[in-house]
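*Asks:* Structure for the following, please:
(2 chains)
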Amino acid sequence: MLDLFSQLLTDYTLRTVALGAATLGIVGGGLGSYAVLRGQSLLGDAISHAALPGIALAFLITGSKAPLPLMLGAAATGIVATLFIIGVTNTTRVPYDSALALALSAFFGVGLVLLTYLQQHAGAAQAGLDSFLFGQAAALVEHDVVVMAVLGGIALLALLLFWKEFKLLAFDPDFGRSLGFPIRMLDIVLTTLLVVAIVIGLQTVGVVLMSAVIVAPAAAARQWTDRLSVMVALAATFGALSGVSGAVVSGATANLPTGPTIVLCMGTVVIVSLLLAPNRGLLWRWWRQWRTSRRLRQERVLYDLYTLAAKHGAGDRPHEAATLDAMVSGSTRTAYVLRRLAEQGLVAETSDERWHLTDEGLEEARRLADKRNLAPDATIDDA
Amino acid sequence: MSLPQIEIQLVATVVAVACALPGTFLVLRRMGMMSDAISHAILLGIVVGVFIVGTLHSPLLIVAAALTGLLTAALVETINSTGQVKEDAAIGLVFPVLFSIGVILIAKFAGDMHLDTDAVLLGELAFAPFNRLTAFGLDFGPRALWTMGGVLVLNALFLALFYKELKLATFDPGLAASLGFRPRVLHYALMGLVSLTAVSAFDAVGSILVVALMVGPPMTAYLLSDRLEWMISLSAAFGVLNAIAGYWGAHLLDVSIAGTMATTTGLVFGLVLLGAPERGLIAQWRRTRRQKWQFAVKMLAIHLRQHENTPEAARECQVDHLQEHLNWDGPFAERVVERAVSRGSVRRENGHLRLTDEGREVAQEAATQT
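*Replies:* Purely as a prediction, here's the structure:
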């Protein structure tokens, strides 16, 4: 572990890849939060696939593989695809997700056509463009990371500048419109920022897996908080951590591609968050449910004993566990519940394996009956 | 046309129709993106299958991959059912993770099998004629044609047998459930078919094109038809059109066939989106325009009728006054009047506008309509 850490500081390639992965994690997590909250989780997938023809076109026009023109091209077709999706959804009855799927595959198809065309006609210069499919983090150089950081920084800065407006857009656009905010414009700006977040990550994780970078950190962060600011910060942190650990682990292992490793790290963060996050975490929820049902079972048995006692007019009259079993529907493991009640001193077992309420038990049962507005069919005199 | 060319087009056609059948229900049930999720996730199933059976051409492989498709659907539903993550985010989480595991397995053990991620994602239809089915020393044509033909028959059989159930579960899931049709079972059956189709098609056309073929033709058909039977038939027809046109496009440009087929699918949808008789953008635009003029002429008629035979008539019934009263700008008011005149509902009498009998009827009708 320490070894890996020192490598991170000294190894140029590893450091570059880790920095790149951290950048894309931060920007993807931050802007992804909005995508997830606005129900646009899969838009990222469509945009990243639609970026492929843009990359090929940019190369066709400029003839260079410098990151900036390629990213601009990717952003351009990404935006066109988004407009197509919004247009189709607004003007026809075609559902949103089908529009996404068609945009994704048709644009990707155009990209494929352009890539194969370039392979036939552009000779050796185009080699490496297809690394955008799955990403090739190892090929990142310092210049790429600088471009990523600058573009990502601008996107995050815009997010901070229009914080209040975007928050309004995400949670109550109608209210925002009534206040006079240019909601349509804000929508376009925020979606454009999402496009920026996606195109800066393409070289590292590729078009297929980029959607996970948008969705996973944000979905994980959502579990830990109900506040937007905390969620965005957490998502950026999760994104950066997964990015760096994915880069380090894949760098230290032979034949372990970086993009998929980063995605698996993010997936792990999501699973841990889903299970363990306080309040929303599934483990806590199951535990709470278990405790509630245990308490209800105990109260049920106690109250049944109370009813029996009331019918017989005496609190300390013992009854068999089987009688109690018969009074409750379904399997409630009466014997176990009785033993737990005995541990609390609410019931006691007689020598012939029958059970009766103790004085405390009687009191507790009365209290319960009172609280629940229950009354047994008969009353008991205090012994 | 040479024999391989015919064979490639045959395979493409069969794949297109086989995808369009379950695709229609995916589009109608708002699950278009599940085709994307499943077609990516089956990579993992294929890899695991290759580990187990050791070859890329075994029926067991198809079973393993189809099971991964079902796993994807089940995982999405499980995550969604916790109520902590929305369905679209759940889809966006599940398939990249499964796909990543597949990619990593391939990268780690790539030497041991003839499988690379590009092939799964992109496919190469041009190679389909080289992989032939031979038995008893006879050549039965491309293997892909038989596999996809089988899938096509299976999809068609499923649709034919459960047509009523699928239709009901798609358009009224509540009623279907209350009648005891088990929409969940149908949902998983459909997901299974989608997986089976996607995995059978992957080495012919690649997983991205599977997505295009599954949602593209049904979406195109959805713009043209209001009947399920028609939509299915039209989807199949558009699938064939895209396949053939895509093939010749690739032939002309010397590029990836899967790429041109997906591109054609998008283009055909775009053209129908523009030109569809009722739901097309041009038809919508023309309808809006026509309605705008019709409305304006009616407004004019109502206005004139309101002031007919009143002391203000001389002032109110002038073209200039319309600008003030109806908030129309000058040229627009002039054009409305021209239209009204040419339709015979208004006549000009030395600067004044008078309703004809016909115009009075128009006004009467418009005013009494509720």
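*Asks:* Need the nearest residue in space to the closest residue to chain A within the stretch 101-250 of chain B, chain neighbours excluded.
*Replies:* Residue nearest to chain A within the stretch 101-250 of chain B: residue B:212 (3.6 Å; Cβ to the nearest Cβ). Placement of C-beta: from N, CA and C, glycine included. Excluding the flanking residues, the one nearest residue B:212 by Cβ to Cβ, 6 or more residues apart in numbering or on different chains is residue A:105, at 3.6 Å.
*Asks:* Surely the residue of the stretch 101-250 of chain B closest to chain A touches residue A:102?
*Replies:* Yes. Here residue B:212 reaches residue A:102: they are 6.7 Å apart, a contact under Cβ atoms under 8 Å.
*Asks:* Just give me the residues shared between the contact sets of the two.
*Replies:* Residues within reach of residue B:212 and of residue A:102 at once, by Cβ atoms under 8 Å, 6 or more residues apart in numbering or on different chains, are B:265-266.
*Asks:* Neighbours of the residue nearest to residue B:212, how many?
*Replies:* Other residues lying near residue A:105 total 34 when counted by other Cβ atoms under 10 Å in any protein chain shown.
*Asks:* Could you tell me the model confidence score at it?
*Replies:* With respect to pLDDT, residue A:105 scores 93.
*Asks:* and the helix or strand containing it, what other elements does it pack with?
*Replies:* Using DSSP states H and E, residue A:105 maps to helix A:96-121. Packed against helix A:96-121, as judged by 3 or more Cβ pairs under 8 Å, 6 or more residues apart in numbering or on different chains; DSSP states H and E, are the following elements: helix A:43-62, helix A:67-91, helix B:32-53, helix B:207-222, helix B:228-253, helix B:257-275.
*Asks:* how about that helix: buried residues?
*Replies:* Residues of helix A:96-121 classed as buried: A:96-119 (neighbour count, 16 or more other Cβ atoms under 10 Å in any protein chain shown).
*Asks:* Now do the contacts for the nearest residue to residue A:142 once chain neighbours are set aside.
*Replies:* Leaving aside its sequence neighbours, residue A:142 sits nearest to residue A:16 (Cβ to Cβ, 6+ apart; 5.9 Å). For residue A:16, the contacting residues are A:140-142, A:144-145, by Cβ under 8 Å, 6+ apart.
*Asks:* make it 7 Å
*Replies:* If a contact means Cβ atoms under 7 Å, 6 or more residues apart in numbering or on different chains, then residue A:16 has A:140-142, A:145 as its contacts.
*Asks:* what about chain A, any weak spots by pLDDT?
*Replies:* Counting by pLDDT under 70, chain A shows low-confidence ranges at A:1-5, A:7-9, A:124-127, A:314-315, A:328-332, A:373-383.
*Asks:* And the strands in it?
*Replies:* A:319-320, A:347-349, A:354-357 (DSSP state E).
*Asks:* Same list (the ones you listed) but as a markdown table, adding mean neighbour count and distance to chain B.
*Replies:* Formatted as a markdown table, the strands of chain A follow (neighbours: other Cβ atoms under 10 Å in any protein chain shown; distance: least, Cβ to the nearest Cβ, whole Å):
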| stretch | mean neighbour count | distance to chain B |
| --- | --- | --- |
| strand A:319-320 | 16 | 41 |
| strand A:347-349 | 19 | 37 |
| strand A:354-357 | 21 | 39 |
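*Asks:* what residue lies at the spatial centre of the chain?
*Replies:* Went with chain A since none was named. residue A:219 (1.9 Å; Cα atoms, centre = their mean).
*Asks:* Actually, chain B is the one I wanted.
*Replies:* residue B:219 (1.6 Å).
*Asks:* Mind pulling the model confidence for that residue?
*Replies:* pLDDT, read off for residue B:219, is 95.
*Asks:* just to revisit the earlier point, how far away is the residue nearest to residue A:142 from residue A:204?
*Replies:* Using Cβ to Cβ, to the nearest Å, we find residue A:16 at a distance of 10 Å from residue A:204.
*Asks:* and residue A:293, how far is that from residue A:348?
*Replies:* 24 Å.
*Asks:* try residue B:272
*Replies:* 80 Å.
*Asks:* Kindly report the same for residue A:211.
*Replies:* Where residue A:348 is concerned, residue A:211 sits at a distance of 62 Å (Cβ to Cβ).
*Asks:* residues in the stretch 151-300 of chain A within reach of chain B, list them.
*Replies:* A:208-209, A:211-212, A:215-216, A:219, A:223, A:255-257, A:260-261, A:263-264, A:267, A:270, A:274, A:280, A:282 (Cβ under 7 Å from any Cβ of the partner chain).
*Asks:* Tell me which of those residues fall in helices.
*Replies:* A:208-209, A:211-212, A:215-216, A:219, A:223, A:260-261, A:263-264, A:267, A:270, A:274, A:282 (DSSP state H).
*Asks:* Tell me the residues of the stretch 51-200 of chain B that contact chain A?
*Replies:* B:82, B:84-86, B:88-89, B:91-93, B:96-97, B:99-100, B:103-104, B:107-108, B:117-118, B:121-122.
*Asks:* Point out where the stretch 251-370 of chain B drops to low pLDDT.
*Replies:* For the stretch 251-370 of chain B, applying pLDDT under 70 flags the ranges B:369-370.
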